[in-house]
Each structure stands twice: as C-alpha cells, then as structure tokens.
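Visitor: Quick check, what structure comes out for this input:
(chains A and B)
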Amino acid sequence: MQNKQEAELYKAAVLTFEDLCLTLPTESLDDQQQNAVPVAAVGLAFKGSWSGKLVVMVSAELLSLLPSNMLAMDGPVAKRDQFDALREVANVICGNMLPGVTRSDEAFIISPPEIVNIGETLAPTAPKPSAEVHIGIERGRADLLLFIDKASA
Amino acid sequence: MAFNLLIVDDSSVMRSMIIRILHLSGLPLGELHEAANGREALAVLEKNWIDLALVDLNMPVMSGEELIDRVRTDPANKNLAILVVSTETSVTRIDKLKGQGVGFVHKPFTPEMLRTKILEMTGVSDAEQTGSGTLQGSGPDF
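Guide: Predicted structure coming up:
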C-alpha cells in the first residue's frame, strides 16, 4: 500500500466484499486474476472537505458472482441485478472508506453510483487516480480507482 | 402478531437481501412493502399500515433523512418505528437520527446484527418468534 488512501480503500473494499458479498478477497492476484479483464464499472462522486470520485471495475466473473452471493441465488442473474449489485458494492465501499481517510466525524455527500465507460476511464489521456487497489476474488478481479479533485486536495 | 414492514432502499438487490434476512429471522411477517426512495415510501405509508420501516439514507428523489423528517411531522405516522440501514458513520448525523427515535444498523451488516436490531425494535422476544428463532445458515455475513 503506497498511502493512507490506498490502505483505507483496501480495508473498505475487503470489508464489503467479505461481509456484503460473501467472498474471500485477496490483495495479490494470481495469473488467472491478473488476466481477467474488467467488463463493467460504476463511479460515484463524493463531496466534503475533500471531493472526488471512486470507480469500481469488475471482471465478468465478479459481475455475476457478486449478486449471486448477495441474493443467495444459483443460476443466471439478470443484467439489471448485476449492475444494481455493483452499484451497491461501490456505495458501501465508498461510505466505509471516507471516514477512514479523514479520521473525523465529517459527513460526506455521496452521489448515487452510475455506470462509467471503462475505455474512457483507462485511456492513456484520462486523469490518473490518486490511489488504486486491485483485489482478486475467486477467478476474477476488482479494481478500485480513487480520483481526488485537485481543488479540494 | 404479524408485522407489516416497509423496506426503503434505492438498490433492489439490497431490498431483496433484507427481505431474505427477514424471512430467515423468525420474526412473524405480515405484508412486506418496498420503496426505492423516500417519495415512494410516503406513498406506501399513505395506503398501508406499517409497523417498521427499514430505511437507507442516501437515495435519489428523496433521501432517507428527508423521509424521516416528514414521517416524524405527520400525525398519522409520527410514531412509526424506523431502522436506518446505512453506511453512515458520522456520529453527529447518527445522533441526530437517534434523537428522532430511529434505530441504526451499519452497512455492511451481518444477518444476526440486522435480526437482533429488528427484534429489539419490534419488541418480539425469542419465545414469540416463528420457527427456531435463529437464522438458518446464519454463518455468512450480508
């Protein structure tokens, strides 16, 4: 972990993937996880004493695994539920990360998560994240990117 | 006595998870209503008797806080039992909510945490529950 933001982001992500999604996340990615490609991403903005955006990207394996576990379902999950689950995961991660970083009683305004374009997010000319965390879960991976607004940094 | 419940959260997956926990909890359940935001919740409250509302805070259209403010000033529903289910950690904000007579459960929660809080708020004892009163397969967290 390079900095406090990454540490808190990782901690919040692990808590959420374990408790909410019933998975066993790992910090290091094996070969299969390394090669997993993100297929879906959601982003949510937050505003407070510092502002920014959190983007959560997942590979195909996780896009279906997360709602299956959350809903205790076998069998295919509707696309609508896949993205709903991903949005909720991002929401819970963000809500748990922010107080860890600020270490204060501050209340943040968190916007509803929205689907974001992965290509645009990862484009070479796109803004670089202030912190990023990569998590392996079963055969897939989740990548969390934290962008901080320069004006509020 | 069966309890009529209202689950208010903009995530349909979260609402389904909560409903699943409710079914596993042993609490005698009557009608289960859902709403995706505060405005829809008010519409449900206008037409249905609700014993307990489980409410998220961060929702579009109308937030959980605004919903709670409105309910607490509505003579017909001002005494509604409300349990906030949220990622909120601000002590100031949580204390303000508790000052309005609401309970609080932090996301992510375990089924047992949610069940305990719901039983606490409904005043249902273990002896009064249907079934065994323990969550079947209660090991995993939600």
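
Visitor: Spatially central residue in chain B, please.
Guide: In chain B, the residue lying closest to the centroid (Cα atoms, centre = their mean) is residue B:54, at 1.6 Å.

Visitor: What residues does that one make contact with?
Guide: Counting by Cβ atoms under 8 Å, 6 or more residues apart in numbering or on different chains, residue B:54 touches B:5-9, B:18, B:82-85, B:118. Where you see a C-beta, it was placed from the backbone N, CA and C, and this is true even at glycine.

Visitor: residues in chain B within reach of chain A, list them.
Guide: Contact residues, chain B versus chain A (Cβ under 8 Å from any Cβ of the partner chain): B:10-14, B:16-17, B:20, B:58-60, B:86-93, B:107-110, B:140-142.

Visitor: Please pick the buried ones from those.
Guide: For these, a burial check counting by 16 or more other Cβ atoms under 10 Å in any protein chain shown picks out B:10-14, B:16-17, B:20, B:58-59, B:86-90, B:93, B:107-110, B:141-142.

Visitor: Tell me where the model's unsure across chain B.
Guide: B:125-142 (pLDDT under 70).

Visitor: try it again with 50
Guide: Scanning chain B for pLDDT under 50 picks out the ranges B:131-142.

Visitor: For the residue in chain B that chain A sits nearest to, give me phi and psi.
Guide: Across chain B, the shortest distance to chain A (Cβ to the nearest Cβ) belongs to residue B:87, at 2.6 Å. Note on residue B:87: its backbone torsions stand at phi -80, psi 0 [degrees, to the nearest 10].

Visitor: give the contact list for it.
Guide: With contact taken as Cβ under 8 Å, 6+ apart, residue B:87 is in contact with A:91-92, A:94-96, B:58, B:106-107.

Visitor: Residue A:89 now?
Guide: A:16-17, A:20-21, A:56, A:66.

Visitor: Check the secondary structure at residue A:16 for me.
Guide: Going by DSSP: H, G, I helix; E, B strand; the rest coil, the secondary structure assigned to residue A:16 is helix.
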